[in-house]
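Visitor: What shape does this take:
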Amino acid sequence: MNYFSTRDKSLKFSFKDIFLRGLAPGGGLFLPTEIKKFNQKELNYLSQLNYNELATEIIFNFCSGEIKKEELNSLIQKSYSSFKDKEVVNLKKIGEIDLLELYHGPTLAFKDIAMQVIGNMYDYLEVAKDKTVNVVVATSGDTGSAAIAALSNRKNINLFVLHPHNKISNIQRKIMTTIGGANIYNIAIEGSFDDCQKIVKELFNEDNFRSKINMSGVNSINWARIVCQIVYYFYSFFKLKKNKISFSVPTGNFGDIYAGYVAKKMGLPINKLIVATNKNDILQRVINTGEYKPDTVKSTITPSMDIQVASNFERLLYYILDESDSKVGLLMNDLSSKSLFNLEKKEIDKIKKDFEAVKVTDEDTLSIIDEIYKEHKFIIDPHTATGVGAAKSFKSLGDIVVLGTAHPYKFNDTIKKAIGKNLDSPKHIKLNIDKKEIFDVIGNSNSEVKSYILGKIQ
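Guide: Numbers count the residues shown, from 1 in each chain. Predicted structure coming up:
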């Protein structure tokens, strides 16, 4: 399997190449030259598999020729051995809601599902065998802790995690800043998540610096993240055994819901993918009006979605623009030079064949948490609540699976505000959050981040 860039189809990279690089040369994102489409017979076969077997079959399509299938299966089993649920994820009925719980991993968020596999892939692909790899990642709250849990104490790997200072929940920060080994460096940037992400992208685009530190990345711009997230769309679809299912997805950087789009391209008969967003509603605006115009990031009770530049949207643009790398490049140049771009009506219509989008306010989010607790004695986190709210807006679509993206304990302050009670911490987390936090606060500039990284590795 070979890979190219959304902005340059002439590029040719292997899976190992794109796994290590994360971001394509010139700032584009990697896509595979082929996305396999399963026929009905193959879908019937896949529907009989357990989660680990299904993950093996789907992920193998994107790394065949570089990882043997039986070794991939062993890697996946190892990756998910610590998950609370033996099937990795859990589909639960809450009233009329089909909730897909994705937060049974070591850091209580859906990011663990991809990150645990990625951590073991670093070892399998031997990308750090002869030279130390320095992984640099931006987080809006959950990616950082998942990356730390996956990469802590791995040989010849350092991890630098950038999070927006005072803009994630206390529990998110405490999990992230108390679980790492000596190879983990937490950096609080005086800015937003978009600022953190911008710095990471700039560092990837500086060839000399990237090469000098042997830089790698595990944000959702890394195709390996997308690949691992495709699996649970197939799994939950097969579990429900219904013909027409939509998915409601709390959405920030567009990676998780884009995985659903790839699942649909692979032949899974998904009806609609519903983008649930908060008042940082750039995705609702572009899907409904065609205008992609980042605004100032607003703080909400769903901090993992406090994002104005949804990086993975570029991957969708490539297909919406008839697989034209030049058109993608022009729009990205407009975004850079004019701070916006606009889609034509025919392009909006293409998006709306697969996607719907809706904004859920903080007030509605709190109300949804309270309502579900009162009616079902079940607690969901605020991000999942936006998914529930979005699903309610599109009841006419029929059966909708809501992706439960994080354990409610990670947002205990918000839960207490919604239902008037504190949550008990899961046992394996309780051991960590009382430890001393280790992180450094630095300014919002890539020069300061570069100096910090070089100071730690030299």
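
Visitor: Pass me the low-pLDDT residue ranges in the chain, would you?
Guide: By pLDDT under 70, the low-scoring segments of the chain are 431.

Visitor: what's near enough to touch E291?
Guide: Contacts for E291 (C-beta atoms under 8 Å, 6 or more residues apart in numbering) come out as R285, L340, N342, L343. Any C-beta I mention is one placed from the backbone N, CA and C, and that applies to glycine too.

Visitor: Now the phi/psi pair for the residue lying closest to the first one once chain neighbours are set aside, please.
Guide: What that stands for is R285. Once flanking residues are discounted, R285 sits nearest to E291: 5.8 Å by C-beta to C-beta, 6 or more residues apart in numbering. As for E291, its main-chain torsions (degrees, to the nearest 10) stand at phi -90, psi 120.

Visitor: Now do the buried residues in the longest helix seen in the chain.
Guide: Criterion DSSP state H: the longest helix present in the chain is helix 223-240. In terms of neighbour count (16 or more other C-beta atoms under 10 Å), helix 223-240 has its buried residues at 223-239.

Visitor: picking that back up, now the residue nearest to R285: how far from I97?
Guide: 32 Å (C-beta to C-beta, to the nearest Å).

Visitor: so K298 touches K279, yeah?
Guide: Yes - between K298 and K279 there is a contact at 5.3 Å, judged by C-beta atoms under 8 Å.

Visitor: In terms of packing, which of the two has more residues around it?
Guide: K279 (16 against 13; other C-beta atoms under 10 Å).

Visitor: Can you classify the more buried one by secondary structure?
Guide: Following DSSP: H, G, I helix; E, B strand; the rest coil, K279 is assigned to coil.

Visitor: ditto for the one 5 residues further on
Guide: Put simply, Q284 is helix when judged by three-state DSSP.

Visitor: name the helices or strands packed onto the helix or strand encompassing N271?
Guide: Secondary-structure assignment from DSSP states H and E places N271 in strand 270-277. When contacts are defined as 3 or more C-beta pairs under 8 Å, 6 or more residues apart in numbering; DSSP states H and E, strand 270-277 packs onto strand 245-250, helix 255-265, helix 282-289, helix 345-354, strand 355-359, helix 382-393.

Visitor: got the buried residues for the one helix or strand K41 maps to?
Guide: Taking DSSP H and E as the definition, one finds K41 inside helix 40-46. The neighbour-count check on helix 40-46 (16+ other C-beta under 10 Å) flags L43, L46 as buried.

Visitor: between the helix or strand just after it and helix 223-240, how many degrees?
Guide: Of the helices and strands lying after helix 40-46 in sequence (DSSP H and E), the nearest is helix 51-63. Between the axes of helix 51-63 and helix 223-240, defined by axes from the mean of the first three to the mean of the last three C-alpha atoms, to 10 degrees, the angle is 140 degrees.

Visitor: Which positions in the helix or strand following helix 51-63 come out as buried?
Guide: Later in the chain than helix 51-63, the nearest helix or strand by DSSP H and E is helix 69-79. Residues of helix 69-79 classed as buried: L72, N73, L75, I76, K78, S79 (neighbour count, 16+ other C-beta under 10 Å).

Visitor: can you check stretch 321-328 too?
Guide: Buried residues in stretch 321-328 (16+ other C-beta under 10 Å): L321, D325, K327, V328.

Visitor: Check the separation of the first and last residues in that stretch.
Guide: From its first residue to its last, stretch 321-328 covers 7 Å (C-alpha to C-alpha, to the nearest Å).

Visitor: Can you show me the strands along the stretch 1-150 of the chain?
Guide: Taking DSSP state E, counting those that start in this stretch as the test, the strands found in the stretch 1-150 of the chain are 3-5, 8-13, 30-32, 90-94, 97-101, 133-138.

Visitor: any chance of these in JSON lines, with mean neighbour count too?
Guide: Output for the strands of the stretch 1-150 of the chain, formatted as JSON lines (neighbours: other C-beta atoms under 10 Å):
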{"stretch": "strand 3-5", "mean neighbour count": "22"}
{"stretch": "strand 8-13", "mean neighbour count": "15"}
{"stretch": "strand 30-32", "mean neighbour count": "22"}
{"stretch": "strand 90-94", "mean neighbour count": "14"}
{"stretch": "strand 97-101", "mean neighbour count": "22"}
{"stretch": "strand 133-138", "mean neighbour count": "26"}
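
Visitor: Take those and write them to JSON lines, including distance to Y124.
Guide: Formatted as JSON lines, the strands of the stretch 1-150 of the chain follow (distance: least, C-beta to C-beta, whole Å):
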{"stretch": "strand 3-5", "distance to Y124": "18"}
{"stretch": "strand 8-13", "distance to Y124": "18"}
{"stretch": "strand 30-32", "distance to Y124": "19"}
{"stretch": "strand 90-94", "distance to Y124": "27"}
{"stretch": "strand 97-101", "distance to Y124": "28"}
{"stretch": "strand 133-138", "distance to Y124": "14"}
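
Visitor: Take the buried residues of stretch 321-328 and lay them out in CSV including distance to F378 and secondary structure.
Guide: Shown next, in CSV, are those (distance: C-beta to C-beta, whole Å; DSSP: H, G, I helix; E, B strand; the rest coil):
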residue, distance to F378, secondary structure
L321, 42, coil
D325, 46, helix
K327, 45, helix
V328, 42, helix
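
Visitor: can you name the two of those that are farthest apart?
Guide: Across the buried residues of stretch 321-328, the longest distance by C-beta to C-beta is 8.8 Å; it joins L321 and D325.

Visitor: Number of residues surrounding S396?
Guide: By other C-beta under 10 Å, neighbour count at S396 equals 5.

Visitor: With K16 instead?
Guide: 16.

Visitor: Quick one: residues contacting the closest residue to it other than its chain neighbours.
Guide: Nearest non-adjacent residue to K16, counting by C-beta to C-beta, 6+ apart: L125, 5.2 Å away. Taking C-beta under 8 Å, 6+ apart, we find L125 in contact with K16, F19, L20, E66, I67.

Visitor: mind running it again at 10 Å?
Guide: For L125, the contact set (C-beta atoms under 10 Å, 6 or more residues apart in numbering) comprises F15, K16, F19, L20, C63, E66, I67.

Visitor: ok, now G267?
Guide: I35, K36, K37, F38, N39, Q40, E42, L43, L46, F234.

Visitor: can you put these in CSV and add distance to I415?
Guide: Shown next, in CSV, are the contacts of G267 (distance: C-beta to C-beta, whole Å):
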residue, distance to I415
I35, 39
K36, 41
K37, 42
F38, 40
N39, 45
Q40, 43
E42, 42
L43, 38
L46, 37
F234, 31
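
Visitor: Looking at those, spot the one nearest D370.
Guide: F234 (33.1 Å).
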